[in-house]
Structure formats: structure tokens, C-alpha cells
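# how does the following fold in three dimensions:
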Amino acid sequence: MDLSGRTVLVTGASGNIGHGIARRFAEAGAAVVAHHFGGSVDSLVHEIRAAGGQAAAISADLTDENDCARMVDEATAWRGGLDALVNNAGVQPVQPLADMTAEQWREVVDTNLTSAFACTQAAATVMRERGGSITHIASIEGTRPAPGHAHYSASKAALIMHARSAALEYGRFGIRVNTVSPGLISRPAIEHDWPDGVRRWQEAAPLTRLGTPEDVGNACVFLASGHAAWITGHDLVVDGGVSARPTW
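Have a look, this model is predicted:
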């Protein structure tokens with residue numbers, strides 16, 4: 001999948017999955033705009049440039065819709081266009097529903113869902129002339145909630161439906177909108193921090209392993225490529241087969 005000549009904006013690129021998504025786009029030849037807010041993407045940008053790719057860093061508060069619009073405008077101005085957006089930025093706190101406050105609920109929904117709405121709206125405005133691809137990073141928890149994740153699961157379920165709604169309305173402009181729903185993705189020290197969860201996942205997954213950030217990146221690159229030219233409004237599950245396992 002050759003994305004040479006295309007520009008992609010990846011939100012939350014300072015995080016584990018965001019790094020993997022940005023790297024895969026760069027390896028496919030795309031110029032990458034790596035968004036961050038609080039974290040750093042300096043090493044990521046350096047890595048991409050050292051490998052001969054093109055990358056730029058941009059900071060924005062995605063809970064501010066004006067900052068989302070400004071970020072998209074700057075990403076577009078960098079190379080004169082924007083071909084793909086990956087709404088990856090998000091948070092995943094654990095909080096029992098009975099003890100959850102409205103403020104805690106809003107923090108997750110604003111970060112995971114409202115930011116994607118604002119970024120999608122801004123990106124679609126600049127993509128109307130020549131089309132483009134928008135991908136939300138949802139989760140298998142959008143259909144299979146976990147305890148303590150009521151706010152997270154609800155935000156991911158809403159992302160899936162938002163993508164379908166956006167696909168319906170933006171399709172006439174050649175803009176495709178999809179979601180990628182990962183399962184458990186590896187990160188440094190996860191086996192040490194959550195050994196029981198990792199063990200249970202490996203036992204449940206037909207492919208027996210955790211996913212990697214690059215697994216998610218591969219799905220995003222595919223959806224942004226010409227190979228997915230007739231795919232929109234779709235939720236691509238990347239979970240090693242866990243969703244195929246019966247729950248009874």
C-alpha cells in the first residue's frame with residue numbers, strides 16, 4: 001500500500017497506539033502530522049525523518065473545538081492538503097459506575113468522542129474538494145463493555161455510530177469514514193502491571209497473543225489506501241479473534 005504524496009494527521013501520536021499508527025503511515029510513504037498535547041512526539045518525528053520520511057509535530061487541546069479547527073488548518077497548510085485523519089486520541093480511566101461523577105463522565109466523553117466530532121468536522125471541510133479518509137480508533141469495548149469502563153465503552157460505541165453517520169453524510173464528497181476497534185494492545189511492562197489480564201486475554205484469543213500498535217496502524221493504513229476505496233461506514237475489528245469467542 002503506497003501512500004506516497006499523501007498527508008495524514010494522527011491525533012494522540014504521543015501515545016503507544018498513536019506511535020504505531022504514525023510509524024506505519026510513514027513506512028507506507030505518507031507525510032505524517034503527529035498531534036500531541038502534554039506528551040512529546042519529538043522522538044517519533046526524528047525517527048520518521050531519519051528513515052527518510054516526512055513528519056511534523058503539532059500541539060492542540062482537542063477538547064477545544066476551535067483548537068481542533070486550528071490544528072487541521074495548520075496540518076493542511078503544511079503540504080497543501082490533507083488526505084487522511086486518524087482520530088486516535090483518547091483516555092481509558094477505570095471508575096465504577098456507581099461512584100462515577102458527571103465530571104468524570106464528561107472528561108472521557110469530551111476527550112474520546114467530542115474531539116473526534118470536532119476534528120472530523122474540520123477535516124471534512126478541507127477534504128470536500130478531493131475526498132479523503134477519516135478513521136476513528138474505537139474499541140471492542142464499544143460492543144463488549146468491561147467493568148469500570150461505562151464512560152469509556154459508551155464513548156467508543158458512540159464513535160462507531162458517529163463514523164457511520166459521517167459516512168452517510170460525507171460520502172457524496174468522496175470522504176470515507178470508518179472505525180478500527182482494537183482489542184488488548186501490548187505496551188511496555190503490561191505483563192508486569194496486569195499479568196492476570198494478559199494471561200486471560202492470551203487464553204481467550206484464537207491467535208493467542210496481544211495486538212501491537214502496528215497491528216492497529218496496518219488497519220488504518222489499509223482504510224486510508226485505495227484498496228479500501230469502496231469501504232465506508234465500517235467497523236474493522238482488530239482483536240486477534242477474541243470477539244469470535246462465545247460468552248456463554
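
# test my guess that residue 34 contacts residue 13.
Yes. Contact status for residue 34 versus residue 13: in contact at 3.7 Å, counting by Cβ atoms under 8 Å. Just so you know, the C-beta spots here come from the backbone N, C-alpha and C atoms, and that holds for glycine as well.

# what's next to the lengthiest helix in the chain, contact-wise?
Looking across the chain with DSSP state H, the single longest helix is helix 150-170. With contact meaning Cβ atoms under 8 Å, 6 or more residues apart in numbering, helix 150-170 is reached by 87, 90-93, 95, 97, 100, 104-105, 108-109, 112-113, 116-117, 120, 124, 127, 134-139, 141-143, 145-146, 175-179, 181, 232-233, 235.

# quick check: neighbours shared by residue 34 and residue 13?
Residues touching both residue 34 and residue 13 by Cβ under 8 Å, 6+ apart: 22, 41, 44.

# how about the contacts made by the last one?
By that I understand residue 44. Residue 44 touches 13, 14, 19, 22, 23, 34, 55, counting by Cβ under 8 Å, 6+ apart.

# buried ones in stretch 2-9?
3, 6, 7, 8, 9 (16 or more other Cβ atoms under 10 Å).

# just the closest of those residues to residue 72, please.
Comparing those against residue 72 with Cβ to Cβ places residue 9 closest, at 6.9 Å.

# ok but the closest one is inside a strand, no?
Yes. According to DSSP: H, G, I helix; E, B strand; the rest coil, residue 9 belongs to a strand.

# helix or strand right after the longest helix of the chain?
As assigned by DSSP states H and E, the chain's next helix or strand after helix 150-170 is strand 175-182.

# tell me which other helices or strands that following strand touches.
helix 115-127, strand 132-137, helix 150-170, helix 213-224, strand 235-238 (3 or more Cβ pairs under 8 Å, 6 or more residues apart in numbering; DSSP states H and E).

# swap in 7 Å and give it another go.
Under the contact criterion of 3 or more Cβ pairs under 7 Å, 6 or more residues apart in numbering; DSSP states H and E, strand 175-182 touches strand 132-137, helix 150-170, helix 213-224, strand 235-238.
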